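Asks: no sequence on this one, just coordinates:
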Ligand code: CAA
């Protein structure tokens, strides 16, 4: 598969996607988002891949949806073509864990793309923001919903209503980011984290991801019930037997992903 706006490679059991539209600070145009959708679907379907990392450049993870591309769209066009939903939802549908490795700007749709991933690892240079109000619109790729669920109402309102950016340290403090690394180490550390995830049983990891994701979609009682069914289901896998037996026998587990 060939891509013009992405670099896609595998490192061991990790699929690494680099957004590669540097002159536009990785502005997320339709072509880039279509290519990203194809790339994540291909890695999700590849049995040799256990986890995916999405990263950008040192300067920008992504500076948002492509303003120049969308500035003249009419309501009829965006509604009729299902703008955003059509090209942007692929990442949130991937079943394997997806890590956003963010250096530099993650603004507007860039911040929203990072939040569609399962966790965000950041360089100390990272800057997150939802500046849409400054250009006469509002976040349109899930920002008002995902950001609010992650950081709470007051912080989300502050970011969405002022358009101001926050740095990596603050993003980690408020729970938007899982860990912060020196910029030079970011991609290697993200791949290391993805490798660790990929070393575990694939079906068990998929169940763990589904269970945590459910917490954002449902009530506590329903979420706990969902978790309990999945927890019980892990006992139907060979990998649960292998993992617990290996612990008891003081050896490393040899997962077969079934
Ligand atoms: N869309 C299109 N092009 C963009 C872009 C974007 N979102 N962000 C940056 N670019 C382009 C610039 O136009 C510029 O192109 P030229 O060299 O051809 O002039 C190039 O990338 C470099 O950008 P700057 O010269 O502006 O770089 P800077 O270092 O001075 O500023 C910045 C960096 C603060 C990120 C600034 O580029 C900026 O404010 N970008 C827009 C951020 C933004 O508003 N994002 C939200 C978009 S709306 C959205 O995402 C909707 C949604 O929810 C789905």
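Replies: That came in fine, so what should we check first? Keep in mind that what you see is a predicted model, and the values were worked out from it rather than measured. Numbering: from 1, shown residues only.
Asks: for residue 177, give me its contacts.
Replies: 102, 120-122, 126, 128, 168, 171 (CB atoms under 8 Å, 6 or more residues apart in numbering). Using the backbone N, CA and C atoms, a C-beta is placed for each residue, glycine as well.
Asks: write out the residues of the stretch 101-250 of the chain neighbouring the ligand.
Replies: Contact residues (CB under 6 Å from any ligand atom) of the stretch 101-250 of the chain with the ligand: 105, 107-109, 112, 131-132, 135, 139-141, 143.
Asks: quick one: the helices in this structure?
Replies: Assigned by DSSP state H, the helices in the chain fall at 30-45, 67-70, 75-80, 85-88, 90-93, 109-116, 143-151, 153-162, 168-173, 186-198, 202-214, 220-234, 238-248.
Asks: what angle do the first one and helix 109-116 make?
Replies: Just to be clear, that refers to helix 30-45. 10 degrees (axes from the mean of the first three to the mean of the last three CA atoms, to 10 degrees).
Asks: can you name every helix or strand that helix 30-45 contacts?
Replies: On a contact count with 3 or more CB pairs under 8 Å, 6 or more residues apart in numbering; DSSP states H and E, helix 30-45 meets strand 6-11, strand 14-19, strand 51-55, helix 85-88, helix 90-93.
Asks: is there any residue in the last one that contacts the ligand?
Replies: Put plainly, it is helix 90-93. No. Judged by CB under 6 Å from any ligand atom, helix 90-93 stays clear of the ligand, getting no closer than 13.2 Å.
Asks: same for that helix, what does it pack against?
Replies: Using 3+ CB pairs under 8 Å, 6+ apart: helix 90-93 touches helix 30-45, helix 109-116.
Asks: quick one: mean pLDDT for that helix?
Replies: Averaged across helix 90-93, the pLDDT comes to 96.
Asks: now swap in the first one and tell me
Replies: Taken as a whole, strand 6-11 has an average pLDDT of 98.
Asks: single out the most deeply packed of the helices and strands packed on helix 90-93.
Replies: With neighbours taken as mean count of other CB atoms under 10 Å, those reach their highest mean count in helix 109-116, at a mean of 28.
Asks: any residues touching that one, and which ones?
Replies: Identification of contacts with helix 109-116 by CB under 8 Å, 6+ apart yields 26, 28, 54, 56, 60-65, 88, 91-92, 98, 100, 102, 106, 120, 128-130, 139-143, 146-147, 150, 176.
Asks: so what's residue 11 bridging to?
Replies: residue 14 (DSSP bridges).
Asks: can I assume it is in contact with residue 188?
Replies: No. The pair residue 11 / residue 188 is not scored as a contact, 9.7 Å apart, by CB atoms under 8 Å.
Asks: measure the residue nearest to residue 46 when sequence neighbours are not counted to residue 68 for me?
Replies: Take residue 46 and drop its neighbours on the chain: the residue closest to it by CB to CB, 6 or more residues apart in numbering is residue 15, 7.0 Å away. Counting by CB to CB, to the nearest Å, the gap from residue 15 to residue 68 is 30 Å.
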